[in-house]
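Q: fold the stuff below for me.
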Amino acid sequence: MKYLIIILFAVSTISCKKDADMAPNGATPSFTYQSPLFSKWILNSNESKAKINYEIVLDLKNEKNEKGNFILNGKSSINFYSAEFVVNDKKITISNILSTEIAGDSKATSFENDYIKRLSEVESFSIDQGMLTLNGKNQKMIFKVSN
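A: Numbers count the residues shown, from 1 in each chain. You can find the predicted model right below:
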């Protein structure tokens, strides 16, 4: 009986992992797997409050690429896109944006070009009541969490 208890204790100790061991890709656990930032978002509005006529999807992944940066992907007015991002507190830098090259009408293309440009200029973010706000110089994009 004594040996059984020792074996059970040893197995339970070995199988228990610290939160830091369980965070994906060696990321900081307090930010990675618990952050609401890592969600799928739908563009709701911008600083002009103009109606968004397209369903713009931004999916911030809790995964890292080979460079150690988080990845994102989404769907704009016409094309699918992907990028990498780095987060430091409430600062966010989105870079290396790639997009498919599907042709579309001029309004959708213009909207998409503006959206991708805005995405590349994002400097900070905030999350409040299920809404993600991406801020840049003189710009703001507000996303709602996708169901």
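Q: and the helix or strand hosting Leu132, what does it pack onto?
A: Using DSSP states H and E, Leu132 sits in strand 131-136. Secondary-structure packing of strand 131-136 (3 or more C-beta pairs under 8 Å, 6 or more residues apart in numbering; DSSP states H and E): helix 106-120, strand 122-128, strand 139-145. For the C-beta atoms, the positions are set from N, CA and C on the backbone; glycine is no exception.
Q: closest to Lys49 out of those?
A: Set against Lys49 and scored by C-beta to C-beta, the helices and strands packed on strand 131-136 come closest in strand 139-145, at 9.3 Å.
Q: how far does the strand holding Leu132 sit from the chain's center?
A: Chain-centre distance of strand 131-136: 12 Å, with C-alpha atoms, centre = their mean, to the nearest Å.
Q: can you list the helices and strands packed on strand 131-136 in TSV and add distance to Leu43, mean pLDDT and mean neighbour count?
A: Listed next are the helices and strands packed on strand 131-136 as TSV, based on distance: least, C-beta to C-beta, whole Å; pLDDT from 0 to 100; neighbours: other C-beta atoms under 10 Å:
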stretch	distance to Leu43	mean pLDDT	mean neighbour count
helix 106-120	8	96	16
strand 122-128	13	96	15
strand 139-145	5	95	18
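Q: out of these, nearest to Ile92?
A: strand 122-128 (5.0 Å).
Q: helices or strands up against that closest one?
A: So strand 122-128, by 3+ C-beta pairs under 8 Å, 6+ apart, packs with strand 91-99, strand 131-136.
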